[in-house]
Each structure stands twice: as C-alpha cells, then as structure tokens.
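Participant: Show me how the following folds:
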Amino acid sequence: MAEAVEPPFDRPDASFNQLEGWSWIGCYGGYYLQADALSAFEHGFFTRQWHGRGPDELAGYLSGGISVHRPQQVHSGTVLGASSARSAPWPEADGLVSDNGAQSLWVCGADCTPVLIADPSSGQVAAAHAGWRGVAGGILAAAVAQLERQGCRAADLLVALGPAIDGRHYQVDAPVVEAIGASLDAGPDAATALEQAGVLIPDQQPGRWRLDIRSAAELQLQQLGLHPDRIHRCPLCTHSEPLLFHSWRRDQRKAVQWSGIVSQA
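Facilitator: You can find the predicted model right below:
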C-alpha cells in the first residue's frame, strides 16, 4: 500500500481545512474528499496527489470486495449501465448508473464537474463527467432518467458536485452559451437569462462570457426535480488550487483526478 501523503493543509485560512459540508478522509494512501450529505455511501473525490493511481487501485481505499467500472470519456451525454463498463476496452460514455450492488463507478476530469449521485432509498448510484458538452448533451438528465427507470425518484436523490473550475477562470464563446442555454431552456436571449440565473458572468471581452459549469449543473438538476437542499457543491476550484488539482485550463496538460462512488444495491 502506498505511503501516506500529507495534503498542503498549511494554508492560513482554516476554512480551507474545514470545508462546510465536506470532509477530508485520511487513509494510508493519502487524503480524499467526501460530501457529508453522501456519507452513508462509500465515495471519494481524489486529488492530484493520487496521480498515477487509477480506479483499480483507488477502489480499495473506498471499500473492499467491490467491482470497478469506468467509461472511456468522450465529452458526451451518454450514460451506460455499470455492468457494460467493467473491462477494457472501456465503452465510450460519460456517465454510469449502477445495476447491481458493490459496484464502484468512476469518472475523471481536470476542470469538468465530477457528479456523484446516490439514492438513499434503494442504494443505487450514478457517476457522471459533466463539462459544458456534457451538460449541453443532457448527461445529468440521462443519469437521472436511468435511475428513475430502475425505480428511483428524482426528488429522493442526493448529489455531490466535486471540485471543478469556477466561472472566474472559465471563458467561453457564444456557441457554448447557446448550447448551454438550449439545454436549460433559457429562451432566445440565453446569455441574459443565464446571467440572471448565476450560470454566466459577464466578460470584458466582446462575445465572451465566464461560465460557472457547476451552477449550470445545479440548475439542470433542479429542473429535473431535485430540491436545491439535496445538491451539494464542493467550494474548491481546480484552477485555483494547483497543489491539489490538475487543471487543463491552467496547465494545458493531459492529467486528471478520479472520483468514485459505491452502490449498495
């Protein structure tokens, strides 16, 4: 087992170490984040300090005796049953929904939002990689719809939105705004509607905006029937924390961190 690695918890602001609604979980391999609201489910948002260790190894830090499931991510709106993503070659998709117990579902990212979904009533879970293309492509709607087909109720689901880039660092152009606006039924003046909803931030450069992708995901989930109190957002930004997270926008380097959750039924 890997040696423990102490995270950079020497920041002067204590709020960094004590994130409201989130906990750092220490184990022999290092530290990962959990959403307190999903604490009944084994899950974790791993940092760049786990670089080089994939789901096959990381799963053991969450729970023993579980199977490992992951897609080959392609920035799509495709969601598959976990059993179809158990071995290489990994199927192309950006979301998985459990179809049995003791399954660990994994997604990775370097600015896009890792979304972990749990149903306390049935023990079923889902994991999705939600960048702007995923949100525009309906990745969250597809995950929730699949859970509903399996007997879950959207209103009962708990969702954790993991570390991702925030709007201050995520400049986008008009086609992205239009695609996100269409997925959120923002109407003909999508930019104005999304600014009012807190999804977009005005940018000084003409024809550009700043997109808060987690706010877009939150709004989409609410439109799917989830109450805001059941959606939990990590306050950490991948771009702003180079010691903790890889960021494509910051580094222009292909490197990711993994997030996973384990089904109970």
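
Participant: Now do the SS call for the spatially most central residue of the chain.
Facilitator: What sits nearest the mean C-alpha location of the chain, by C-alpha atoms, centre = their mean, is Pro114, with 1.4 Å. Following DSSP: H, G, I helix; E, B strand; the rest coil, Pro114 is assigned to strand.

Participant: pretty sure it is in contact with Val107, am I right?
Facilitator: Yes. Counting by C-beta atoms under 8 Å, Val107 is a contact partner of Pro114 at 5.4 Å. For glycine as for every other residue, the C-beta is placed from the backbone atoms N, C-alpha and C.

Participant: buried sites along stretch 133-153?
Facilitator: Neighbour-count burial for stretch 133-153 flags 133-144, 146-147, 152 (criterion: 16 or more other C-beta atoms under 10 Å).

Participant: picking up where we left off before, per-residue confidence for the residue nearest to the centre of the chain?
Facilitator: Note on Pro114: pLDDT of 98.

Participant: Bridged to it, which residues?
Facilitator: Per DSSP bridges, the residues bridged to Pro114 are His129.

Participant: which residues touch it?
Facilitator: By C-beta atoms under 8 Å, 6 or more residues apart in numbering, Pro114 lies in contact with Phe45, Val107, Cys108, Ala127, Ala128, His129, Ala130, Leu161, Gly162, Pro163, Ala164, Ser259.

Participant: Which members of the residues you listed are positioned in helices?
Facilitator: If you go by DSSP state H, these have nothing in helices.

Participant: Format these as JSON lines; extra columns: neighbour count and pLDDT.
Facilitator: Formatted as JSON lines, the contacts of Pro114 follow (neighbours: other C-beta atoms under 10 Å; pLDDT from 0 to 100):
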{"residue": "Phe45", "neighbour count": "26", "pLDDT": "98"}
{"residue": "Val107", "neighbour count": "29", "pLDDT": "98"}
{"residue": "Cys108", "neighbour count": "20", "pLDDT": "98"}
{"residue": "Ala127", "neighbour count": "28", "pLDDT": "98"}
{"residue": "Ala128", "neighbour count": "31", "pLDDT": "98"}
{"residue": "His129", "neighbour count": "26", "pLDDT": "98"}
{"residue": "Ala130", "neighbour count": "31", "pLDDT": "98"}
{"residue": "Leu161", "neighbour count": "22", "pLDDT": "98"}
{"residue": "Gly162", "neighbour count": "28", "pLDDT": "98"}
{"residue": "Pro163", "neighbour count": "29", "pLDDT": "97"}
{"residue": "Ala164", "neighbour count": "28", "pLDDT": "97"}
{"residue": "Ser259", "neighbour count": "28", "pLDDT": "98"}
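
Participant: Quick check on the residue nearest to Tyr170 when sequence neighbours are not counted: phi, psi?
Facilitator: Excluding its sequence neighbours, the residue lying closest to Tyr170 (C-beta to C-beta, 6 or more residues apart in numbering) is Leu211, at 4.9 Å. The phi/psi pair for Leu211 (degrees, to the nearest 10) reads phi -100, psi 130.

Participant: And the residue nearest to Ile139 when sequence neighbours are not counted, how far from Asp99?
Facilitator: Excluding the flanking residues, the one nearest Ile139 by C-beta to C-beta, 6+ apart is Gly77, at 4.6 Å. Gly77 sits 19 Å away from Asp99, going by C-beta to C-beta, to the nearest Å.

Participant: try Ala141
Facilitator: Plainly put, Ala141 is 19 Å away from Asp99 if you go by C-beta to C-beta.

Participant: Now the residue of the chain most remote from its centre: phi and psi?
Facilitator: Relative to the mean C-alpha coordinate of the chain, counting by C-alpha atoms, centre = their mean, the farthest residue is Pro206 (30.1 Å). Phi and psi for Pro206, reported as degrees, to the nearest 10, are phi -60, psi 140.

Participant: circling back to that earlier point, who's more crowded, Gly77 and Asp99?
Facilitator: More crowded of Gly77 and Asp99, by other C-beta atoms under 10 Å: Gly77, with 21 against 16.

Participant: Tell me the secondary structure at the more buried one.
Facilitator: Gly77 is classified as coil under three-state DSSP.
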